[in-house]
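**Student:** coords please:
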Amino acid sequence: MDSIQAFRGGYEKPPKMISSTSIWKRTLLFSAISILAVWAHFKTPAKAVDIIVINTAKTKAGGKLFEAIIGEDKGIFLAKQASDFVQNLLYSNPKYPRKNVTQIILSIDNYTKIAVTDEYVIHISDEYIADYVGDLEGEIMGLIYREMGRVWLWNGGGEAPLTLIEGMAEYLRLSAGLYPSQTYSNAETDHGSDGQQMAKYLQYCESVKSGFVAEFNGRLEEKWNTDLFAEFSMEEKWGEFLMSVTAAQSSSSSAFLETQKNVNDVSPLL
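**Tutor:** Coordinates of the predicted model:
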């Protein structure tokens, strides 16, 4: 199938000052996620895992900021919360096989990309933390949730298209209400802008059929097969998605138009 033709480009940084309203909203969001995680735990208990936080950049600006804003204890708490949240979205149905994960490491270190996941190790760049302008705590939370998705998602035996997996991980971040304040370039993350656009498409698929992402992920335990696109009617859903975006654009504000800009440039048919 044709390769994705994704847009490239930079982004405008969010304002440097964080308002009290922004902090208040984040507090409410954090509380809502906590309540959802507790409810989901009693409905379908998530698998407990050991979380280790390692900051190898404690003497650098980004490492110092992480210690001041998050720190080890809060980092462990957020990672455990993210793990429970992701598991309960992907594996609430017992028929879907759960990955055998026993330990997850959250590492703050000198990576060139913003955040990547290497098997069960989540790396967040200390340089990105140091240079970030805006709600840093909220951004770190979002990265933890997204990369936790990478930990728990199946990947078709390592052969599923990376953009698809990145999109699924970004979808999990959005499901927690942790929206990124910028468009990541593909140089900064693994298929960053592609993955963000894919996440919007997956949100649409989930709105059409509840549990779509969890079911698709369950099939990715097996070796990757492009026939899955046809089996899940992804071509048809892509066309419907584009029509829904066009309809919304025709009647929405300029702010909405900006967030949906270039959505036509991404195709799920990898």
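
**Student:** ok now stretch 136-147, how far from the chain's centre?
**Tutor:** 9 Å (C-alpha atoms, centre = their mean, to the nearest Å).

**Student:** quick one: average pLDDT of it?
**Tutor:** Mean pLDDT, stretch 136-147: 95.

**Student:** One more: stretch 223-230?
**Tutor:** Mean predicted lDDT for stretch 223-230 stands at 93.

**Student:** Please export the C-alpha coordinates of it as CSV.
**Tutor:** Taking C-alpha atoms only, stretch 223-230 is exported to CSV below (Å, rounded to 0.1, in the frame of the first residue of the first chain):
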residue,chain,number,x,y,z
LYS,A,223,2.1,-11.6,13.3
TRP,A,224,1.3,-8.4,11.3
ASN,A,225,-1.0,-8.9,8.3
THR,A,226,-2.1,-6.1,6.1
ASP,A,227,-5.4,-7.9,5.6
LEU,A,228,-6.4,-6.4,9.0
PHE,A,229,-7.0,-3.1,7.3
ALA,A,230,-9.7,-4.7,5.1
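
**Student:** For it, buried residues please.
**Tutor:** Judged by neighbour count (16 or more other C-beta atoms under 10 Å), stretch 223-230 contains these buried residues: 224, 228, 229. In this view, the C-beta of every residue, glycine as well, is placed from N, C-alpha and C.

**Student:** Can you tell me which of the residues you listed is closest to residue 92?
**Tutor:** residue 228 (20.6 Å; C-beta to C-beta).

**Student:** Grab the nearest non-local neighbour of that closest one.
**Tutor:** What sits nearest to residue 228 in space, not counting adjacent residues and going by C-beta to C-beta, 6 or more residues apart in numbering, is residue 219, at 6.0 Å.

**Student:** wait, doesn't that neighbour sit right on residue 213?
**Tutor:** No: with contact defined as C-beta atoms under 8 Å, residue 219 and residue 213 do not form a contacting pair (11.0 Å).

**Student:** between these two, which one's more packed in?
**Tutor:** residue 213 (23 against 16; other C-beta atoms under 10 Å).

**Student:** Against residue 91, how distant is the more buried one?
**Tutor:** Plainly put, residue 213 is 11 Å away from residue 91 if you go by C-beta to C-beta, to the nearest Å.

**Student:** do residue 118 as well
**Tutor:** Distance of residue 118 to residue 91, given as C-beta to C-beta: 22 Å.

**Student:** Can you tell me which of the buried residues of stretch 223-230 is closest to residue 52?
**Tutor:** residue 224 (30.4 Å).

**Student:** can I assume the closest one sits in a strand?
**Tutor:** No: read with DSSP: H, G, I helix; E, B strand; the rest coil, residue 224 is coil and lies in no strand.

**Student:** For the buried residues of stretch 223-230, give me TSV that also has distance to residue 240.
**Tutor:** Compiled in TSV, the buried residues of stretch 223-230 are given as follows (distance: C-beta to C-beta, whole Å):
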residue	distance to residue 240
224	24
228	18
229	15
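
**Student:** Between residue 118 and residue 91, which is the more surrounded one?
**Tutor:** Per other C-beta under 10 Å, whichever of residue 118 and residue 91 has more neighbours is residue 91, with 20 against 13.
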